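Visitor: next come a sequence and a model predicted from it.
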Amino acid sequence: IVILLIKKSRAQNRFPPGVWGIPFLGYIPYNGLTRHIRYLTGKYGPIFHMKLGSRVFVVLSDYHLIKSAFTNPNIQGRPDFFSFGIFKNFQNLGIAISNGPVWKSGRKFAIRHLRDFGMGKSSLEISIQ
């Protein structure tokens, strides 16, 4: 069974090179996550994957790569974690945990109304002090 689980977890070739780790536990960094990500960047390059627990993460470690990723709308958004679903009652509502067009319209609404109340203006500074 363990051999089948390892073969199944490594059979996914859609990911960049990286480490899979132990089935169900994933990859456990042995000398701190930040230091180990630097090590894996040297070994696999600026983009690699690692499995932590039951989730697979793609790690980007180059400034220009991260910048181009954040401007691409196909890979923007939040991951679909079960714990996020509990907080938002499994609905895509609000500003802090929402995603996609709902987040974009909520953000636009909040910024517009905060500016109407005086956010970013020096006249509000006297009232706050």
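Guide: Alright, I've got the coordinates. Numbering: from 1, shown residues only.
Visitor: buried stuff in the helix ranked longest in the chain?
Guide: When the chain is parsed with DSSP state H, its longest helix is helix 101-116. Buried positions in helix 101-116, judged by neighbour count with 16 or more other CB atoms under 10 Å: W103. Quick note: C-beta positions are derived from backbone N, CA and C, even for glycine.
Visitor: the residue nearest to F57 when sequence neighbours are not counted is in what secondary structure piece?
Guide: Spatial nearest neighbour of F57, excluding adjacent residues (CB to CB, 6 or more residues apart in numbering): M50 at 5.7 Å. Using DSSP states H and E, M50 sits in strand 47-52.
Visitor: next helix or strand past that strand?
Guide: For strand 47-52, the following helix or strand on the C-terminal side (DSSP H and E) is strand 55-60.
Visitor: may I have the helix or strand that comes right after that next one as PDB, with CA atoms only?
Guide: Next along the chain after strand 55-60, taking DSSP H and E as the criterion, comes helix 63-71. What follows is helix 63-71, C-alpha atoms only, in PDB (Å, rounded to 0.1, in the frame of the first residue of the first chain):
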ATOM      1  CA  TYR A  63      11.400  38.700  -7.600                       C
ATOM      2  CA  HIS A  64      10.600  39.000 -11.300                       C
ATOM      3  CA  LEU A  65       8.800  35.600 -11.300                       C
ATOM      4  CA  ILE A  66       6.700  36.600  -8.300                       C
ATOM      5  CA  LYS A  67       5.800  40.000  -9.900                       C
ATOM      6  CA  SER A  68       4.700  38.400 -13.100                       C
ATOM      7  CA  ALA A  69       2.700  35.800 -11.200                       C
ATOM      8  CA  PHE A  70       0.800  38.400  -9.200                       C
ATOM      9  CA  THR A  71      -0.100  40.300 -12.400                       C
END
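Visitor: helix 63-71 - what's its average pLDDT?
Guide: Mean pLDDT, helix 63-71: 88.
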